[in-house]
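1. would you be able to build a 3D model of this:
(6 chains, ligands or ions: 12)
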Protein chains: 6
Amino acid sequence: RYGQREDEHQVGAATGLAYTQFGGDTLSIEVSLAKGTGKLTLTGKLGDVMKESAQAALSYVRAKADELELDADFYEKYDIHIHVPEGATPKDGPSAGITIATALVSAFTNRPVRKEVGMTGEITLRGRVLPIGGLKEKSLSAHRAGLTTILIPQENEKDLEDIPESIRDDLTFITVSHLDEVLEHALLKE
Amino acid sequence: RYGQREDEHQVGAATGLAYTQFGGDTLSIEVSLAKGTGKLTLTGKLGDVMKESAQAALSYVRAKADELELDADFYEKYDIHIHVPEGATPKDGPSAGITIATALVSAFTNRPVRKEVGMTGEITLRGRVLPIGGLKEKSLSAHRAGLTTILIPQENEKDLEDIPESIRDDLTFITVSHLDEVLEHALLKE
Amino acid sequence: RYGQREDEHQVGAATGLAYTQFGGDTLSIEVSLAKGTGKLTLTGKLGDVMKESAQAALSYVRAKADELELDADFYEKYDIHIHVPEGATPKDGPSAGITIATALVSAFTNRPVRKEVGMTGEITLRGRVLPIGGLKEKSLSAHRAGLTTILIPQENEKDLEDIPESIRDDLTFITVSHLDEVLEHALLKE
Amino acid sequence: RYGQREDEHQVGAATGLAYTQFGGDTLSIEVSLAKGTGKLTLTGKLGDVMKESAQAALSYVRAKADELELDADFYEKYDIHIHVPEGATPKDGPSAGITIATALVSAFTNRPVRKEVGMTGEITLRGRVLPIGGLKEKSLSAHRAGLTTILIPQENEKDLEDIPESIRDDLTFITVSHLDEVLEHALLKE
Amino acid sequence: RYGQREDEHQVGAATGLAYTQFGGDTLSIEVSLAKGTGKLTLTGKLGDVMKESAQAALSYVRAKADELELDADFYEKYDIHIHVPEGATPKDGPSAGITIATALVSAFTNRPVRKEVGMTGEITLRGRVLPIGGLKEKSLSAHRAGLTTILIPQENEKDLEDIPESIRDDLTFITVSHLDEVLEHALLKE
Amino acid sequence: RYGQREDEHQVGAATGLAYTQFGGDTLSIEVSLAKGTGKLTLTGKLGDVMKESAQAALSYVRAKADELELDADFYEKYDIHIHVPEGATPKDGPSAGITIATALVSAFTNRPVRKEVGMTGEITLRGRVLPIGGLKEKSLSAHRAGLTTILIPQENEKDLEDIPESIRDDLTFITVSHLDEVLEHALLKE
Ligand SMILES: [Ca+2]
Ligand SMILES: [Ca+2]
Ligand SMILES: [Ca+2]
Ligand SMILES: [Ca+2]
Ligand SMILES: [Ca+2]
Ligand SMILES: [Ca+2]
Ligand SMILES: [Ca+2]
Ligand SMILES: [Ca+2]
Ligand SMILES: [Ca+2]
Ligand SMILES: [Ca+2]
Ligand SMILES: [Ca+2]
Ligand SMILES: [Ca+2]
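-> Ligands and ions are numbered 1, 2, ... in the order given. The predicted model follows:
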């Protein structure tokens, strides 16, 4: 079952691009907040690397609470659940890092994620975007899902030439090296 | 031992449909609330995917506390136990997601679950209903158990044609794409 | 070493019936309460299914605190230890569920368990009693231990005919479908 | 390295009898209390059954705090460490149960354990003493260590005949069926 | 993908040198602080030895809070996340110890780490710097990354002769035996 | 890399003697205290027996807080980290027990450990010193490291004859049976 782009802009959900042994696919990252005490739950049959990636994304958001205009106590007021649907399918790897960060920022700020945007890239604690693998397969799946704007790591710019021209013509690729750029392109103003 | 539909409408229990290597069967999902501090217990020899599914169901309910007219502090006032009877039988998979969510909402709102309703579908953090496998076998077991209304994921509508007509005639299938629809069909007004 | 029935009615201990690869045996379930904060300890080389069964039994008692006339805060005032003696012998399965529930209620209410009563049955979160296996072997061991009243799940009534008549004549079998019935037959008035 | 009896009566330490593949040996059970919050630490390369046995011993003492004239809050005022020296030697089994209980009561009441007493027996949550194996080998090791009074489970009385008469003449065996009897024979008045 | 030196001096990030089966590489150690309660998170597919090394580095900083002019309560006011990017690459060993300590001190004091400095060395709880392996390969990777000053353990001075002269001429090696020296050479005054 | 004796008397660090498959070596035990809440961290690739040994050492110190003239609340005011450097080398066994206890007492009392003293011996919860193996190899490593006073368990006195006379002449062996004696010989008055 291949992913499809969202019908509407979503708060607390962003679309990533995955690359598995079966090819590429889109991936919804969902974030849910509930009144709580700062507990983090990670589900969706995630491997250790992907779980650590989610922790890095969350730590970045927490450390940047001021800049993101989040209430200083926001973290301890909510329990956070990050889930990746299709719960029976194993997922792993660091390349959903910026997608998780985007979904988190969307959930905490209530700013919707643009429905036409997909993205892929490892995130670091400083918000840097590191390169990923499988850009060609990921682009095909983004195209098939109806996405039109794809955010990719700056260091993957060189891999764009491997993507079939018919696909490349339909998609707008934006290269990013920091999460600030990701958020700028992925989030609506409100 | 095949499941039978409930004799009466139940608060805090809903009927799911399972698909195992031995065929289909119905599955009771029981939810128990006790004065507590928000601790979650999951029992019934559940696999990791099913446990994560229960966590997603609970997070959805918690995030929607307002809409569901639950007291804002409800979560921290109770310990929640979700159990699936026949404790020696291993169970797994995400397809009991909407059944768990329904049993939770029933327990928290005191609204009974209709005794004639069975259901199957993965739930996401946004309350979406994702498709499942084994619809034919699940339908046979629902029929055998005496259920008459079956809630299935919208995306499984195409699989209805695989169900023997004699069974299909006895059952009312309702396709759903969001938990709101599930609750509307599964819960009594009170 | 085969179990023997108790010499006196016991508070906080009930007699179950086990069925292992070596045949049937009786099983003491002991419950100890100490001033505490609601911590649960399970010992006696119990398998996961039996541990989950004990959790279900406890959750039932906690959820029914009012009906059982237990102080609303009883749970958080005590640490609870459930132990099954002969600590080197592995035990598993859900069939001690109603025995554990009975021992818990006895400990919390101070009502003694009748020394002549043995019992077997899985418990659900709603207090329902589900059928078990090995009724014949369990009955032999109950007889050998000197028990005279045996509580069995309603659904196992059909298995009574497998029990040798000489045994059946000495024992009173009572079929039960809910824990309320179990407690009625197993507990003294005080 | 074979154990020797203590040179003096000890507070917070009791002598058990172990039976391993290499024969019998004595075993010191040490209990240490420090200002704390009720944390339990178990060390000495103990197997799971022996750890559960220690938990059962502690729960018995806690449940009987009143009878033992312990301050009602004693448990939450101390951290408890139970250690079995010769930390590289694996130990397991339930037969040190009454020894652990005795060392705990000694530590909490400040009553010394008689230096000439060794003991063996499983303990239950109700303080009952259950039979053990290897009585012959254990008796030889007790004799070699210079112990003179040996407390054994009532149900092991029948095994006394297997002990060589020369050993039996030097030792006083006392059969016990409840921890009350153990404490009466093992502890000094103060 | 080989590491490159930082474009600017960084607060909360330091550059280490790793030695793997594939040769040497540079390694960014990132530290993120968020309002919290003293929780430590370690990510980046780190092996147990590297995790313990991070704990030692943190304990050294905490024990020296006074000397480092850190607020006495600093530890309990923050949650600390230590991450090593390229999250899919396993990393292990103790040789990043002084790099982790440097990144921690930088994060807590807000003093930037010089962008031209790389370092390698095990740290002890007393701040001592212990020798490491693979100095030659690490030096090559430092050179390739554009670093110019390399801090190495005093005890590795003898290994400098194995480094090709062309590399040695471009790099300034500073031998250190205590973290004080590391911080002096690695941190800007502010 | 063979250990060398300390250049100066150390607070919070003591020198033990290890015996591995590669022969004997000295071992630094480091203890670090930081403002905290009584959390214990054990690092240095320690096996389970060595970790339990450290817990026994700590429990002894805590139980003897009065005698050691430690502030009654000392334990809950600090987080304690015990580390054994050379973090990539696995270490195990109970024979560092008295060394760990000495380093702990030194850290808590601020009394330095004599730089010329090495030691080996298992510790019990009562402060007793139990015999160890590999005394010959340990003595050779102590000699090589420049230590001059070696504390050994009383029960190992008989093994002194196995040590080459040339080594024995250079070292002063002191037999001890209780930690009191260890501290008396190892700690400076302040
Ligand atoms: Ca998919
Ligand atoms: Ca760009
Ligand atoms: Ca069934
Ligand atoms: Ca529909
Ligand atoms: Ca038995
Ligand atoms: Ca009946
Ligand atoms: Ca021994
Ligand atoms: Ca007797
Ligand atoms: Ca790299
Ligand atoms: Ca130097
Ligand atoms: Ca060494
Ligand atoms: Ca001596």
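2. tell me the mean pLDDT for whichever helix in chain A runs longest?
-> Of all the segments assigned as helix in chain A under DSSP state H, the longest by residue count is helix A:48-63. In this model, helix A:48-63 carries a mean pLDDT of 97.
3. could I have the CA atoms of the helix or strand of chain A with the lowest mean pLDDT written out in CSV?
-> Ranked by mean pLDDT, DSSP states H and E, the weakest helix or strand in chain A is helix A:74-77, scoring a mean of 88. Output in CSV follows, covering the C-alpha atoms of helix A:74-77 (Å, rounded to 0.1, in the frame of the first residue of the first chain):
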residue,chain,number,x,y,z
PHE,A,74,5.9,23.5,27.3
TYR,A,75,7.8,20.3,27.6
GLU,A,76,6.8,19.4,31.1
LYS,A,77,3.1,20.2,30.4
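4. got the contact list for that helix?
-> Contact with helix A:74-77 is made by A:35, A:36, A:37, A:38, A:62, A:65, A:71, A:108, E:34, E:35, E:36, as judged by CB atoms under 8 Å, 6 or more residues apart in numbering or on different chains. C-beta here means a position set from N, CA and C on the backbone, and glycine is covered the same way.
5. how many residues are close by the last one?
-> Here the number of neighbours of residue E:36 (other CB atoms under 10 Å in any protein chain shown) works out to 20.
6. adding distance to residue E:58 and secondary structure as columns, could you present the contacts of helix A:74-77 in a markdown table?
-> Listed next are these as a markdown table, based on distance: CB to CB, whole Å; DSSP: H, G, I helix; E, B strand; the rest coil:
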| residue | distance to residue E:58 | secondary structure |
| --- | --- | --- |
| A:35 | 32 | strand |
| A:36 | 27 | coil |
| A:37 | 24 | coil |
| A:38 | 21 | coil |
| A:62 | 18 | helix |
| A:65 | 22 | coil |
| A:71 | 28 | coil |
| A:108 | 28 | helix |
| E:34 | 15 | strand |
| E:35 | 18 | strand |
| E:36 | 14 | coil |
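7. out of those residues, which end up buried?
-> Among these, those classed as buried by 16 or more other CB atoms under 10 Å in any protein chain shown are A:35, A:36, A:38, A:62, A:65, A:108, E:34, E:35, E:36.
8. tell me who's in contact with the third one.
-> Put plainly, it is residue A:38. A:75, A:76, A:77, A:78, A:79, A:80.
9. now the residues you listed: which count as buried?
-> Buried members of the contacts of residue A:38, counted by 16+ other CB under 10 Å: A:75, A:78, A:79, A:80.
10. wait, isn't the last one in contact with residue A:31?
-> Yes: because the distance of 6.8 Å satisfies CB atoms under 8 Å, residue A:80 is recorded as touching residue A:31.
11. is the longest helix of chain A in proximity to chain B?
-> No: using CB under 8 Å from any CB of the partner chain, helix A:48-63 stays clear of chain B, with a minimum separation of 12.2 Å.
12. just the buried residues of that helix, please?
-> Applying 16+ other CB under 10 Å to helix A:48-63 flags A:49-63 as buried.
13. cool, stretch A:80-92 as well?
-> Neighbour counts over stretch A:80-92 (16+ other CB under 10 Å) mark A:80, A:81, A:82, A:83, A:84, A:85, A:86, A:87, A:88, A:89, A:91, A:92 as buried.
14. if we can go back for a sec, shared neighbours, residue A:80 and residue A:31?
-> Shared contacts of residue A:80 and residue A:31, counting by CB under 8 Å, 6+ apart, come down to A:104, A:107.
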